[in-house]
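Participant: Give me a 3D structure for the following:
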Amino acid sequence: MSAATQPDDAPVHSIGTRNLRTQKVDVVASLLMSLFIIFGMLAVVLFLVWATSTFTWQTGGIEVEEEQVAGRGDHAEGFARDIEPPGAEEADFLTEPTLAESLEAVTDAVTSVAATMDNVDTNLTASAVGSGRGDSRPPGPLGEGEDIVSRFERWELKFLAKDVKSYAAQLDHYKIELGCIGKTKLVDYAFSFSGSPQKRSGKGSDEKRLYFMWRTEGPLVAFDRQLLGQSGVQTQGRQMLKFIPKDLEDRLYQTEMKYAISKGHSKVREIAKTVFESQPTSAGFDFVVIEQRYRNVRKAE
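Facilitator: Down below sits the predicted model:
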């Protein structure tokens with residue numbers, strides 16, 4: 001059986017490259033698809049810009065609490081308290097004594113002092129120790145509160161400034177006032193250093209702000225002295241101070257606690273030292289924590 005022959009005029013199916021050319025409809029479709037993608041991404045970016053400028057997301061605020069620092073003042077160191085506040089039933093004994101009672105008390109006191117002095121002048125050695133229990137609170141100003149390191153002891157502020165002009169700009173940005181105490185009963189303040197320096201005076205008893213003083217001499221100490229002198233404040237033989245406004249103090253506390261929490265310390269009583277440094281930002285300047293040291297938790301409890 002012979003194979004069928006193909007006629008000479010039969011169509012030939014070519015697979016050459018000439019028949020695989022890009023059609024115009026494909027070019028237009030690809031162009032439209034690219035434009036859709038570009039405009040879609042642009043719309044997403046604009047939406048994100050609008051959303052970030054309209055809404056704010058916070059990681060959680062830190063409540064600023066007034067620190068109540070425990071201190072024994074001039075009380076003797078000990079393990080308890082010798083004197084407790086009197087109860088209501090003892091209030092009668094707190095009335096003002098009469099003149100006769102006062103004279104009698106003074107006489108008894110003089111007799112006791114004389115006897116004590118006679119005893120001290122002898123060569124005998126004391127055979128007993130005092131029965132007082134002292135005061136269990138840590139050293140510091142007299143007060144009730146937690147066993148924490150107070151802010152003026154645990155905070156240290158550092159400024160980066162090459163000249164007095166950049167240093168003055170930082171002080172004005174934070175609204176920090178320089179002051180001098182000593183030789184007079186008033187505190188002399190200086191402020192507004194970038195423009196026309198100004199000064200004022202006030203009573204020390206009216207001052208409630210946190211303040212810092214220099215521990216060591218350095219270039220910035222000379223800048224403080226120069227700025228105070230330009231404001232007309234005498235610095236010779238006087239102590240120079242920096243007075244911190246309350247809102248800056250609150251911001252420093254929040255910055256301190258955020259840093260401590262990031263390091264696994266959630267209680268202020270665990271912090272022994274925090275060093276802040278003033279650094280330039282897009283908004284001017286801001287303090288950041290560059291160093292923080294912690295206390296022994298068992299001793300702090």
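Participant: Now name the helix or strand holding Gly40.
Facilitator: Using DSSP states H and E, Gly40 falls within helix 24-54.
Participant: following the helix or strand bottoming out on mean pLDDT in the chain, which helix or strand comes up?
Facilitator: The weakest-scoring helix or strand in the chain, judged by mean pLDDT, DSSP states H and E, is helix 99-120 (a mean of 48). Next helix or strand after helix 99-120 toward the C-terminus (DSSP H and E): helix 151-154.
Participant: Could you give the average pLDDT over that next one?
Facilitator: For helix 151-154, mean pLDDT rounds to 91.
Participant: got the buried residues for the next helix or strand after it?
Facilitator: Tracing the chain past helix 151-154, the next element assigned as helix or strand by DSSP H and E is strand 155-159. For strand 155-159, a neighbour-count test (16 or more other Cβ atoms under 10 Å) marks Trp155, Leu157, Phe159 as buried. C-beta here means a position set from N, CA and C on the backbone, and glycine is covered the same way.
Participant: Could I get the average pLDDT for the helix holding Gly40?
Facilitator: For helix 24-54, mean pLDDT rounds to 82.
Participant: Only the buried residues of it, if you could.
Facilitator: Buried residues in helix 24-54, counted by 16+ other Cβ under 10 Å: none are found.
Participant: What is the burial count for Asp147?
Facilitator: The number of residues packed near Asp147 is 16, by other Cβ atoms under 10 Å.
Participant: I figured it was touching Arg269, is that so?
Facilitator: Yes. Asp147 is within contact range of Arg269, at 6.3 Å (criterion: Cβ atoms under 8 Å).
Participant: how many neighbours does Val289 have?
Facilitator: 18.
Participant: So it lies in a helix, does it not?
Facilitator: No. Counting by DSSP: H, G, I helix; E, B strand; the rest coil, Val289 is not part of a helix but strand.
Participant: doesn't Glu256 make contact with it?
Facilitator: Yes. In this structure, Val289 is within contact of Glu256 by Cβ under 8 Å, at 6.4 Å.
Participant: what sits in contact with each of those two?
Facilitator: Common neighbours of Val289 and Glu256 are listed as Thr274, Phe276 (criterion: Cβ atoms under 8 Å, 6 or more residues apart in numbering).
Participant: So in terms of bridging, what pairs with Glu277?
Facilitator: Using DSSP bridges, the bridge partners assigned to Glu277 are Lys158, Val288.
Participant: if I look at it, how far off is Phe285?
Facilitator: Per Cβ to Cβ, to the nearest Å, Glu277 is found 10 Å from Phe285.
Participant: Next up, the contacts around Phe223.
Facilitator: By Cβ under 8 Å, 6+ apart, the residues touching Phe223 are Ala161, Val164, Tyr167, Ala168.
Participant: 10 Å instead, please
Facilitator: By Cβ atoms under 10 Å, 6 or more residues apart in numbering, the contact set of Phe223 is Phe159, Ala161, Asp163, Val164, Lys165, Ser166, Tyr167, Ala168, Leu171, Leu178, Phe193.
Participant: Could you do Glu177 as well?
Facilitator: Glu177 makes contact with 171, 187, 189-193, 198-200, 209, 211, 241-245, according to Cβ under 10 Å, 6+ apart.
Participant: again, only this time at 8 Å
Facilitator: Counting by Cβ under 8 Å, 6+ apart, Glu177 makes contact with Tyr189, Ala190, Phe191, Lys242, Phe243.
Participant: so the third one touches Gln198, yeah?
Facilitator: Yes. With contacts counted by Cβ under 8 Å, Phe191 reaches Gln198, the gap being 5.9 Å.
Participant: Can you pick out the residue with more neighbours from the two?
Facilitator: Legend: neighbour count by other Cβ under 10 Å for Phe191 and Gln198, higher for Phe191 (18 against 13).
Participant: Any figure for the gap between the more buried one and Val288?
Facilitator: Phe191 sits at a distance of 24 Å from Val288 (criterion: Cβ to Cβ).
Participant: Next: Val187.
Facilitator: Counting by Cβ to Cβ, the gap from Val187 to Val288 is 30 Å.
Participant: and what of Ser196?
Facilitator: Taken as Cβ to Cβ, the span from Ser196 to Val288 is 31 Å.
Participant: higher neighbour count, those two?
Facilitator: More neighbours surround Val288 than the other of Ser196 and Val288, with 12 against 8 (other Cβ under 10 Å).
Participant: List the buried residues of stretch 255-264.
Facilitator: Quick answer for stretch 255-264 (16+ other Cβ under 10 Å): Thr255, Glu256, Met257, Tyr259, Ala260.
Participant: and His173, what is it in contact with?
Facilitator: Contacts of His173 (Cβ under 8 Å, 6+ apart): Gly284, Phe285.
Participant: and it, that one's in a helix?
Facilitator: Yes. Counting by three-state DSSP, one finds His173 located in a helix.
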